[in-house]
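>>> how would this look folded up:
(2 chains)
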Amino acid sequence: MLDRVISVKNLVKEYDGFRAVKDVSFEVKEGEIYGFLGPNGAGKSTTIKSMLGLIHSDGEIGIGGFDIREDGRKAKEKIGYLPERLFFYNNLTARQTLDFFGELRGVKPPTDSLLDQVGLLDEADKRVGDFSKGMIQLLGIAQAMVGDPEIYILDEPLSGLDPRWVKVVREKIKKLNEEGATIFFSSHNLNEVQNLSDRVSIIDNGKKIAEDSVQNLNEYLQIKPKLIINIPGLNGEIPSVLQEMHEIESIDASENKFTIECDPNARSRVLAKLEEEGMEIDDFETVQPSLEDAFVRLISKEEEE
Amino acid sequence: MKTSKVWAIAKKEFRDHIRNRWIIALTFIFVVLTIAASYLTGGKAGEELFGRLQGTVSTLLSISSILIPLIAIMLGYSTISGEGENGALPLVLSYPITRGEVLVGKFLGLSLVLIASIAFGFGLGGIVIAVFAGIENTTPYMVFILLSILLGGIYLSLSIFFSAVCKKRSTSIGAGILIFFWSMIYGTIVFGIYLSTGGTLEQLMGSESTLPGWMWKSIVVSPMDMHGTSAMQAFGLEKAFGYAMDVPSYLNLEFLVVIQLLWFLIPAILAYFFFKRRDL
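Reported below is the predicted structural model:
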């Protein structure tokens, strides 16, 4: 059994002198969901296309224990891929499309079951050319599942879907993972990566700037939980008593709510101080740091450097 | 190379393109013109089969020389550049299939669409001739159909080559149109050079035409002219479009077929070379 099913070492891709990917390395463990996060144009799709041997690049790429360049066929037998820009052959039906991809993988796919899982069974015999963008994306997910691959490489899997299907696809990804598949997916959507990933790497400007679990990233960046307090009649004003407290790192106010970033130990002192000042606290909650906070912190650190 | 993968691509190409509206429209025009030409020049008079052979073959040649390359270019121009651009090809290549298998499969599938169009057009044309003039020696007609398939194969190979070289679909259709028009005007250019270097119309139109050797040699760089010359040889004709054919002995049918096969193979090999190095 392989511990690391995806291994990328020192990946470099240049286009006419422009370095789109700069010495990126990472490993994905068997059975994990690995999020690949970055803004548009960061180099996510270029990295994925290199991993699939679709573009020529420098560095080492191993998929399922096989070198993608030397043993491309064996490596690809293990992969289910969903590209960011999805296009099927317009004159084929959904059923013919899945049968075609089944033939490429050397299997007879359970077409009806796959279409049913993505809600397209009723459209099985319709031309793909007549499908909406959302339906194309769903068919894309069904094609990625053809042959029950061990590794899924999904490039922006939730883009272009309306909210009801986002939920379905997110659950599907989780289910595939629960059934043993390793998932590598890219996204520019922080919430999605946070909700799905066991580990995440963040790429910006072609360079990997961080890699860890969401929780560890926040700890590493020393991002503190946020305390959100609701005080009626505040009207966006920050109480002067809070401005004087040195334990508070940042404070934002909007209407009756204000958000404080401070050491967890200081939270009770903040609340006590407000009560001492005679302020009526309607409610308060503590929000754990999000990936967005880590992302923003990392990107701004990167820009400063 | 796994034949099952090649066949999967070939089947997909056939299924996808056989329903392509442009291909259907061009095939329809081809079929109508072929039947009309066969009826008007070969069958209508009720003469013996190929009784007016020169007229029939000349007309069928005019039709096939224009429409078959056009159908082939329409089939092949976007098969790599277009599918690379829209994302269909990267998805296919994410499966356990090599670029060589994809390319061979595409050649096979698109060739089958082309063969279907030609067989349909010339098949119905042949039936019209047979019904009105009877069935006799059909071998030259069959050879003519095979030569037409070869002509289509050459333009298919050229269009796939351009599709592999050009990054964008729009550039590859531009290259396809360019090669088509170049083929169309090539004869006129050669004719212009002939006249400007002392050749006369009298020499050309006379009963014993004496074309300079370079003019005959220039045929090998024009698939359309090679197709015409080899078709004439297949039917054993001595005149085409009113011109006498004093074809040099080295330009026999076998030699012309070999040269045409090279015209098919060389762009196909180059297409593989460029496709293999292409980023998708």
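>>> Torsion angles phi and psi at residue A:8?
Backbone torsions for residue A:8, taken as degrees, to the nearest 10, come to phi -120, psi 120.
>>> list the contacts for it?
For residue A:8, the contacting residues are A:24, A:25, A:26, A:27, A:47, A:50, A:51, A:59, A:60, A:61, A:62, by C-beta atoms under 8 Å, 6 or more residues apart in numbering or on different chains. Quick note: C-beta positions are derived from backbone N, CA and C, even for glycine.
>>> Most neighbours among the residues you listed, which one?
Each of those was scored by neighbours using other C-beta atoms under 10 Å in any protein chain shown; the highest score is residue A:47's, at 29 neighbours.
>>> Could you pull up phi and psi at it?
Main-chain torsions, residue A:47, degrees, to the nearest 10: phi -60, psi -50.
>>> Surely it is in contact with residue A:22?
No. Under the criterion of C-beta atoms under 8 Å, residue A:47 is not in contact with residue A:22, lying 10.6 Å apart.
>>> quick revisit: so which of the contacts of residue A:8 belong to strands?
Here DSSP state E is the test, and these give A:24, A:25, A:26, A:27, A:59, A:60, A:61, A:62 as lying in strands.
>>> can you give me the strands for chain A?
Ranges of strands within chain A are A:4-15, A:18-29, A:33-37, A:58-63, A:66-67, A:79-82, A:151-155, A:182-187, A:199-204, A:207-212, A:226-230, A:248-254, A:257-262, A:283-287, based on DSSP E.
>>> Mind putting those strands into CSV with mean pLDDT and distance to residue A:137?
Shown next, in CSV, are the strands of chain A (pLDDT from 0 to 100; distance: least, C-beta to C-beta, whole Å):
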stretch, mean pLDDT, distance to residue A:137
strand A:4-15, 93, 23
strand A:18-29, 93, 23
strand A:33-37, 93, 18
strand A:58-63, 95, 24
strand A:66-67, 94, 29
strand A:79-82, 95, 8
strand A:151-155, 95, 11
strand A:182-187, 94, 14
strand A:199-204, 89, 23
strand A:207-212, 87, 27
strand A:226-230, 85, 34
strand A:248-254, 81, 35
strand A:257-262, 83, 35
strand A:283-287, 83, 31
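>>> So which of those strands is nearest residue B:198?
Of all the strands of chain A, it is strand A:4-15 that lies closest to residue B:198, at 54.0 Å by C-beta to C-beta.
>>> Any figure for the gap between residue B:168 and residue A:131?
Distance, residue B:168 to residue A:131, using C-beta to C-beta, to the nearest Å: 25 Å.
>>> Give me the more crowded residue out of these two.
Neighbour count, other C-beta under 10 Å: between residue B:168 and residue A:131, residue A:131 has more, with 19 against 13.
>>> thought the more buried one was touching residue A:139?
Yes. Here residue A:131 lies in contact with residue A:139, judged by C-beta under 8 Å, at a distance of 6.8 Å.
>>> Now the helix ranked longest in chain A - C-alpha only, CSV.
Here the longest helix in chain A is taken by residue count, with DSSP state H as the criterion, and it is helix A:163-178. The C-alpha coordinates for helix A:163-178 follow below in CSV (Å, rounded to 0.1, in the frame of the first residue of the first chain):
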residue,chain,number,x,y,z
PRO,A,163,-26.4,26.0,-4.8
ARG,A,164,-28.5,22.9,-4.8
TRP,A,165,-26.0,21.0,-6.9
VAL,A,166,-23.0,22.4,-4.9
LYS,A,167,-24.3,20.5,-1.9
VAL,A,168,-24.9,17.3,-3.9
VAL,A,169,-21.4,17.5,-5.4
ARG,A,170,-19.7,18.3,-2.1
GLU,A,171,-21.4,15.3,-0.5
LYS,A,172,-20.4,13.2,-3.4
ILE,A,173,-16.7,14.2,-3.0
LYS,A,174,-17.0,13.3,0.7
LYS,A,175,-18.6,10.0,0.0
LEU,A,176,-15.9,9.1,-2.6
ASN,A,177,-13.3,9.9,0.0
GLU,A,178,-15.1,7.8,2.6
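>>> List the buried residues of it.
A:165, A:166, A:168, A:169, A:170, A:172, A:173, A:176, A:177 (16 or more other C-beta atoms under 10 Å in any protein chain shown).
>>> Would you format those residues as TSV with distance to residue B:67 included?
Formatted as TSV, those follow (distance: C-beta to C-beta, whole Å):
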residue	distance to residue B:67
A:165	46
A:166	49
A:168	49
A:169	47
A:170	52
A:172	48
A:173	50
A:176	50
A:177	54
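>>> from what I can see residue A:224 touches residue A:266, true?
No. At 9.3 Å, residue A:224 does not count as touching residue A:266 under the criterion of C-beta under 8 Å.
>>> List the buried residues of the lengthiest helix in chain B.
As assigned by DSSP H, the longest helix anywhere in chain B is helix B:99-133. Under the neighbour-count criterion of 16+ other C-beta under 10 Å, helix B:99-133 has B:99, B:101-118, B:121-122, B:124-126, B:128-130, B:132-133 buried.
>>> Give me the spatial nearest neighbour of residue A:187, chain neighbours excluded.
Excluding its sequence neighbours, the residue lying closest to residue A:187 (C-beta to C-beta, 6 or more residues apart in numbering or on different chains) is residue A:193, at 5.1 Å.
>>> Near chain B, which residues of the stretch 1-150 of chain A are found?
Taking C-beta under 8 Å from any C-beta of the partner chain as the contact definition, the stretch 1-150 of chain A meets chain B at A:49, A:52-56, A:72-74, A:76-77, A:79, A:81, A:83, A:85-92, A:96, A:100-101, A:103-106, A:143.
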